[in-house]
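A.B. asks: what's the 3D shape of this:
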Amino acid sequence: MPDFVGAIDQGTTSTRFMVFDHGGNEIAIHQLEHKQILPRAGWVEHNPTEIWERTRAVVETGLNSAGLAASDLAALGITNQRETTVVWNRVTGRPYYNAIVWQDTRTDRIASALDRDGRGDVIRHKAGLPPATYFSGGKIQWILENVDGVRQAAEAGEAIFGNTDSWLLWNLTGGTDGGVHVTDPTNASRTMLMNLETLEWDDELLSFFDIPRQMLPSIQPSSHPGLYGMTRGNGPLKGEVALSGDLGDQQAATVGQVCFGVGEAKNTYGTGNFLLLNTGTELVRSNHGLLTTVCYRFGEDAPVYALEGSIAVTGSAVQWLRDQLGIISGAEQSESLARQAQDNGGVYFVPAFSGLFAPYWRSDARGAIVGLSRFNNNAHIARATLEAICYQSRDVVEAMRQDSGVTLDVLRVDGGVTANELCMQIQADVLGVPVSKPVVAETTALGAAYAAGLAVGFWKSIEELKQNWQEGRRWQPEWSDEQRTTGYAGWKKAVNRTLDWVDVS
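C.D. replies: Residues are numbered from 1 along each chain as shown. Here you go, the predicted model:
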């Protein structure tokens with residue numbers, strides 16, 4: 001068997017390719033950003049063709065940089081930005097419209113209507129999700145209703161849907177020449193269209209959005225030999241590598257953090273924050289604003305579920321400081337600037353650019369910076385931005401404790417923002433528990449590699465994967481209980497100021 005496993009990590013702002021050895025060590029990496037298309041306020045799009053081109057490029061460069069060929073890979077896994085919706089023509093291979101990104105809020109009226117007539121309760125029970133702009137179902141409906149020719153093509157079986165995992169899998173396995181149209185339960189569970197108990201598309205849920213069933217990909221296990229096919233075509237993977245793993249990005253990070261035990265949790269800090277708590281084979285329904293989702297399904301084993309707190313804007317708030325305000329030149333400067341302030345100076349920043357996700361689910365909210373006086377400066381804004389990342393995570397941790405009864409002893413963290421030492425210290429202070437970062441921080445790609453490698457026997461069991469995990473850094477809480485209580489009370493007041501800002505009735 002070859003010595004390595006590859007992983008494609010198709011994210012919100014970039015696509016990366018990584019290669020890992022049996023110890024879970026990084027052997028090769030290459031990453032390219034893609035354009036963020038913002039046609040109007042609240043709309044966020046990507047070009048699917050650009051994403052596919054970037055994918056081909058990162059795989060080719062990543063392999064070349066390490067002197068590897070496709071034949072050196074035992075398997076290939078895919079992980080992806082979930083909910084981001086692509087509709088394309090299976091005959092021509094061309095997308096009908098740009099990918100509508102998970103952050104996009106154009107479907108707010110669709111989501112609101114679902115809750116007004118009781119369909120929202122059915123969605124909550126069957127799909128484990130609240131009606132929200134976040135998920136794919138409303139985005140598919142919008143494309144069917146607003147892009148000429150798509151509904152007719154869908155009814156004729158030509159227009160097909162997928163999150164970006166399905167789009168890449170279809171292209172990797174031949175595209176118009178026999179491409180495989182599949183997804184896995186972790187991605188399917190983010191559409192508002194899959195029944196969590198059966199792991200199948202649900203006709204009643206499809207009727208709520210008037211979506212033809214033939215548009216949808218086949219739902220296959222997250223890790224299984226051969227079910228996703230073999231790579232084909234003339235690209236860098238023309239050597240026919242087994243595509244044997246597919247996980248939505250946050251579930252992949254949970255696998256990469258080896259959170260296989262009930263009650264184990266991880267928080268990924270990327271464009272947004274996503275905190276998942278493993279609930280095992282028990283389907284725990286949330287009463288406090290969390291999502292019930294599929295964590296993974298390996299082979300024919302029973303699915304493992306999770307509670308998830310999805311936060312829309314965290315790392316992208318730092319990007320906003322760079323790109324829109326221009327007060328930093330790069331993400332790393334947010335830490336040095338924030339360190340110039342001993343505290344937030346009374347300033348709170350609630351980055352509700354796309355409304356508020358968990359645990360509030362308020363699409364009427366919009367971003368606000370509150371508590372300003374003439375004393376405040378750029379350093380306070382930078383500090384408040386880092387604190388916003390951490391306070392939003394505490395909101396989710398509190399909801400998880402109420403739903404599951406689990407009180408965290410430690411929070412495992414990963415993702416790009418964990419490079420910010422000050423932010424991680426603030427997270428430990430805000431939560432009052434230690435924060436632990438593994439040696440391999442890019443756990444999303446690692447989780448996709450683990451799923452693919454398990455399927456082909458590259459790794460024999462999850463016990464092997466647990467042995468690979470090593471702590472790289474730990475932050476201990478330093479705030480007093482009074483600081484923690486006072487700071488969080490200020491945050492809750494700030495959140496209240498963002499509500500009822502736009503009319504979505």
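A.B. asks: so residue 238 is in which element?
C.D. replies: Under the criterion DSSP states H and E, no helix or strand holds residue 238.
A.B. asks: Tell me who's in contact with it.
C.D. replies: 70, 231-232 (CB atoms under 8 Å, 6 or more residues apart in numbering). (Each C-beta comes from the backbone N, C-alpha and C, glycine too.)
A.B. asks: Confidence-wise, which of those residues comes last?
C.D. replies: For these, the weakest pLDDT value sits at residue 232, with 79.
A.B. asks: hang on, the earlier thing: now the contacts of residue 238 as TSV including distance to residue 26?
C.D. replies: As requested, the contacts of residue 238 are exported to TSV (distance: CB to CB, whole Å):
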residue	distance to residue 26
70	19
231	21
232	27
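A.B. asks: which one of those residues is nearest residue 156?
C.D. replies: residue 232 (25.4 Å; CB to CB).
A.B. asks: Neighbours of that closest one, how many?
C.D. replies: Counted with other CB atoms under 10 Å, the neighbours of residue 232 add up to 20.
A.B. asks: Work out the gap between stretch 287-294 and the centre of the chain.
C.D. replies: 15 Å (CA atoms, centre = their mean, to the nearest Å).
A.B. asks: Touching that stretch from outside, list them.
C.D. replies: Under CB under 8 Å, 6+ apart, the answer for stretch 287-294 is 128-130, 185-186, 188-190, 196, 199, 251, 276, 283-286, 303-310, 358-361, 396, 399-400, 402-403.
A.B. asks: low-scoring pLDDT stretches of the stretch 151-300 of the chain, where are they?
C.D. replies: 227, 233-235 (pLDDT under 70).
A.B. asks: Run through the residues that contact residue 231.
C.D. replies: With contact set as CB under 8 Å, 6+ apart, residue 231 has these partners: 70, 76, 172-173, 237-241, 243.
A.B. asks: Quick check on the closest residue to it other than its chain neighbours: phi, psi?
C.D. replies: Spatial nearest neighbour of residue 231, excluding adjacent residues (CB to CB, 6 or more residues apart in numbering): residue 237 at 3.9 Å. Main-chain torsions, residue 237, degrees, to the nearest 10: phi -110, psi 30.
A.B. asks: Do I have it right that residue 237 meets residue 55?
C.D. replies: No: with contact defined as CB atoms under 8 Å, residue 237 and residue 55 do not form a contacting pair (10.0 Å).
A.B. asks: residue furthest from the geometric center of this structure?
C.D. replies: residue 374 (38.0 Å; CA atoms, centre = their mean).
A.B. asks: And it, how far from residue 103?
C.D. replies: 34 Å (CB to CB, to the nearest Å).
A.B. asks: go on, residue 493?
C.D. replies: 25 Å.
A.B. asks: more crowded one of those two?
C.D. replies: residue 103 (25 against 12).
A.B. asks: confidence score at the nearest residue to residue 210 once chain neighbours are set aside?
C.D. replies: Nearest in space to residue 210, with sequence neighbours left out and distances taken as CB to CB, 6+ apart, is residue 141 at 6.5 Å. Looking at residue 141, its pLDDT reads 97.
A.B. asks: next helix or strand past whatever helix or strand residue 141 lives in?
C.D. replies: Assigned by DSSP H and E, residue 141 belongs to helix 136-146. Following helix 136-146 in sequence order, the next helix or strand is helix 150-155 (DSSP H and E).
A.B. asks: could you point out which element follows that following helix?
C.D. replies: Taking DSSP H and E, what comes next after helix 150-155 is strand 159-162.
A.B. asks: which residues touch that following strand?
C.D. replies: With CB under 8 Å, 6+ apart, strand 159-162 has contacts from 85-90, 96, 136, 140, 150-151, 153-154, 169-170, 181, 183, 211, 214-217.
A.B. asks: Name only those of the residues you listed that count as buried.
C.D. replies: 85-90, 96, 136, 140, 150-151, 153-154, 169-170, 181, 183, 211, 215-217 (16 or more other CB atoms under 10 Å).
A.B. asks: So which of these are in helices?
C.D. replies: Among the buried ones among the contacts of strand 159-162, the ones falling in helices (DSSP state H) are 136, 140, 150-151, 153-154, 169-170.
A.B. asks: Could you identify the most distant pair in the residues you listed?
C.D. replies: Between all members of those, the farthest pair (by CB to CB) comes out as 151 and 169, at 24.5 Å.
A.B. asks: helices or strands up against the biggest helix by length in the chain?
C.D. replies: Assignment by DSSP H gives helix 378-404 as the longest helix of the chain. Packing partners of helix 378-404 (3 or more CB pairs under 8 Å, 6 or more residues apart in numbering; DSSP states H and E): strand 265-269, strand 273-280, strand 304-311, helix 315-320, helix 333-338, strand 348-350, helix 421-431, helix 481-497.
A.B. asks: switch to 7 Å and redo it
C.D. replies: Packing contacts for helix 378-404, counted by 3 or more CB pairs under 7 Å, 6 or more residues apart in numbering; DSSP states H and E, involve strand 273-280, strand 304-311, helix 315-320, helix 333-338, strand 348-350, helix 421-431, helix 481-497.
A.B. asks: Could you export these to TSV, including columns for distance to residue 415?
C.D. replies: Shown next, in TSV, are these (distance: least, CB to CB, whole Å):
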stretch	distance to residue 415
strand 273-280	8
strand 304-311	12
helix 315-320	7
helix 333-338	15
strand 348-350	20
helix 421-431	11
helix 481-497	21
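A.B. asks: And those: which comes nearest residue 462?
C.D. replies: Proximity to residue 462, assessed across those by CB to CB, is greatest for strand 304-311 (10.5 Å).
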